[in-house]
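Enquirer: Any chance you could fold what I've pasted below:
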Amino acid sequence: LYQTNWGQKKLIFRFPKDSIDYKQLSEYDIDRGGLTGYTTEIRVWKTKEYVLVNIEYCDDDYEDWVEEDDNSLDNMLQLRTDMMNGDFSCLYAFWLKLLQMQEESEDDEDEYADELPAIPLGLAKPSPSLQSFIAFFDIDEHLVKTAGFFVNPSKREEVDWASAVAKMKEKDKNEWLLRLIEGETLLDVKLKKQFMGTTSSPAQNRPTYKEIVAKA
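Expert: Numbering: from 1, shown residues only. You can find the predicted model right below:
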């Protein structure tokens with residue numbers, strides 16, 4: 001986490017490459033530096049071992065003075081686990097901020113407004129960590145709440161982990177237990193990711209920014 005007293009804010013996450021869905025994450029790549037005069041973006045990239053996400057905002061017209069909050073990062077750490085579990089609500093909320101800025105700039109050449117990523121489940125009921133993220137980046141809470149109304153209700157059903165484990169082959173169970181004993185990190189995230197990848201789920205809604213604003 002990085003922030004300056006003139007308004008520049010940056011949050012970077014690093015993930016082990018096999019712990020997160022890079023393809024889905026890449027949908028959130030967006031660059032709006034032209035609106036602010038400074039780096040304003042979600043940038044997703046990967047190295048040999050890791051996937052990194054940079055969330056950054058700075059406004060050259062910012063006329064206030066920011067007092068740093070040492071607890072800001074602690075309040076947002078849960079977002080890293082959320083993203084590894086496939087919930088990219090914080091990135092979607094940041095998209096809404098950038099599109100709102102685009103709208104206020106009266107720039108009609110918006111290549112992103114009709115191509116928002118799928119609505120993440122976490123928007124239906126923002127967690128404390130997501131609320132901290134929204135406050136830190138000064139995102140319109142009402143706009144985020146409205147977007148949550150578009151979450152597919154059938155998609156919000158809890159996964160029956162006990163049933164999923166019961167259906168595992170004995171060989172696979174033994175392999176996962178051995179990896180647990182050997183101390184492999186993030187094993188719960190990786191196993192959940194495997195379960196989610198083998199079950200079909202209803203398609204997520206993809207409302208346009210104009211549809212969200214109209215509902216708001």
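
Enquirer: CA only for contacts and neighbour counts going forward, please
Expert: Noted.

Enquirer: Centre-most residue in this protein?
Expert: When C-alpha atoms, centre = their mean is applied to the chain, the residue found nearest the centroid is Phe88 (2.5 Å).

Enquirer: Surely it touches Ala118?
Expert: No. The criterion here is C-alpha atoms under 8 Å, and Phe88 misses it with Ala118 at 9.5 Å.

Enquirer: which parts of the longest helix belonging to the chain are buried?
Expert: Scanning the chain for the longest helix, with DSSP state H as the assignment, gives helix 89-104. Buried residues in helix 89-104, counted by 16 or more other C-alpha atoms under 10 Å: 89-100, 102.

Enquirer: Tabulate those residues in a markdown table, adding columns for pLDDT.
Expert: What follows is those, written out as a markdown table (pLDDT from 0 to 100):
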| residue | pLDDT |
| --- | --- |
| Ser89 | 95 |
| Cys90 | 96 |
| Leu91 | 96 |
| Tyr92 | 95 |
| Ala93 | 96 |
| Phe94 | 95 |
| Trp95 | 93 |
| Leu96 | 93 |
| Lys97 | 92 |
| Leu98 | 90 |
| Leu99 | 89 |
| Gln100 | 88 |
| Gln102 | 83 |
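
Enquirer: Export those residues as CSV, with columns for distance to Ile12.
Expert: Shown next, in CSV, are the buried residues of helix 89-104 (distance: C-alpha to C-alpha, whole Å):
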residue, distance to Ile12
Ser89, 15
Cys90, 12
Leu91, 12
Tyr92, 16
Ala93, 16
Phe94, 13
Trp95, 16
Leu96, 19
Lys97, 18
Leu98, 18
Leu99, 21
Gln100, 22
Gln102, 23
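
Enquirer: what about stretch 133-145, start to end distance?
Expert: 14 Å (C-alpha to C-alpha, to the nearest Å).

Enquirer: Ok, stretch 129-144 next?
Expert: Per C-alpha to C-alpha, the first residue of stretch 129-144 is 14 Å away from its last.

Enquirer: distance between it and the chain's centre?
Expert: 12 Å (C-alpha atoms, centre = their mean, to the nearest Å).

Enquirer: Need the residues that contact that stretch.
Expert: 9, 57, 72, 75-79, 89-90, 93-94, 96-97, 123, 212-213, 216 (C-alpha atoms under 8 Å, 6 or more residues apart in numbering).
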